[in-house]
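Participant: fold the stuff below for me.
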Amino acid sequence: MPVVIRPFTVADLAAVVAINDGAHPAVPITPPDELAELIAMSRLALVVDDGEPAGFVVALGPGLAYASENYGWFSARSGDFLYVDRIVLAPRRQGQGIGPRLYDAVEEAARADGASEITCEVNVRPANPGSLAFHARLGFVEVGRQETKGGSTEVALFARPVSAIGGAAAAG
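Facilitator: Below you'll find the model as predicted:
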């Protein structure tokens with residue numbers, strides 16, 4: 001079945017939670033009510049669908065009362081961003097060019113909002129070398145680092161300018 005990227009629906013929640021939690025420690029294990037709350041406040045929530053949910057992206061605009069240490073870092077730095085809180089693909093869909101397609105959709109939303117950059121973070125402790133390489137290929141540059149979760153995690157904070165045209169697929 002072809003892969004479709006479509007808006008998140010409430011019916012996707014259980015599958016999205018399973019995909020999210022299956023990617024731990026790259027992303028935090030998140031109870032369904034918390035993930036639903038995150039998606040409800042998001043600017044963009046998309047699902048990769050190959051007959052069933054196979055991945056997702058959640059991005060947030062500035063100015064939200066979101067208690068994420070990383071979102072807070074970007075908020076203190078600038079009010080002109082679209083923050084990718086989660087981008088996760090099920091293992092069966094990794095390495096197929098879907099991640100750049102998700103970032104193309106994020107870029108389109110950021111451009112529509114007039115945001116100057118797309119931001120995100122990637123774990124460096126525990127290490128997530130695949131995500132670090134992926135984001136580097138898409139033109140993200142490290143703009144800071146911080147320890148989170150009481151020092152149990154260290155993240156690299158990344159940003160990439162929103163281009164006037166093109167997108168992540170063109171960058172990769």
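Participant: who touches stretch 115-123?
Facilitator: For stretch 115-123, the external contacting residues (C-beta atoms under 8 Å, 6 or more residues apart in numbering) are 25-26, 59, 61, 70, 74, 78, 80-85, 87, 103, 106-107, 110, 128, 131-132, 135, 140, 143, 153-162. All C-beta spots, glycine's among them, are computed from the backbone N, C-alpha and C.
Participant: let's see 7 Å
Facilitator: Stretch 115-123 has contacts (C-beta atoms under 7 Å, 6 or more residues apart in numbering) with 25-26, 70, 74, 80-84, 106-107, 110, 128, 131-132, 135, 140, 153, 155-162.
Participant: centre of the chain versus it, how much separation?
Facilitator: Relative to its chain's centre, stretch 115-123 lies at 8 Å (C-alpha atoms, centre = their mean, to the nearest Å).
Participant: how about that stretch: buried residues?
Facilitator: By neighbour count, with 16 or more other C-beta atoms under 10 Å as the criterion, the buried positions of stretch 115-123 are 115, 117, 118, 119, 120, 121, 122, 123.
Participant: same question for stretch 34-44.
Facilitator: 35, 38, 39, 42, 43, 44.
Participant: where does pLDDT dip in the protein?
Facilitator: Judged by pLDDT under 70, the chain has its weakly predicted residues at 164-172.
Participant: buried stuff in the biggest helix by length in it?
Facilitator: Counting residues, the longest helix in the chain under DSSP state H turns out to be helix 98-113. Across helix 98-113, burial judged by 16+ other C-beta under 10 Å covers 98-107, 109-111, 113.
Participant: mind putting these in TSV, distance to residue 48 included?
Facilitator: Converted to TSV, the buried residues of helix 98-113 look like this (distance: C-beta to C-beta, whole Å):
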residue	distance to residue 48
98	6
99	9
100	12
101	8
102	7
103	12
104	13
105	11
106	13
107	17
109	16
110	19
111	21
113	22
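Participant: touching stretch 30-49 from outside, list them.
Facilitator: The contact list for stretch 30-49 (C-beta under 7 Å, 6+ apart) reads 3-8, 12-14, 16-17, 20, 53-61, 64, 66, 82, 85, 89, 93, 98, 102, 105-106, 109.
Participant: again, only using 6 Å
Facilitator: Stretch 30-49 is contacted from outside by 4-6, 8, 12-13, 17, 20, 53-61, 64, 98, 105, 109, using C-beta atoms under 6 Å, 6 or more residues apart in numbering.
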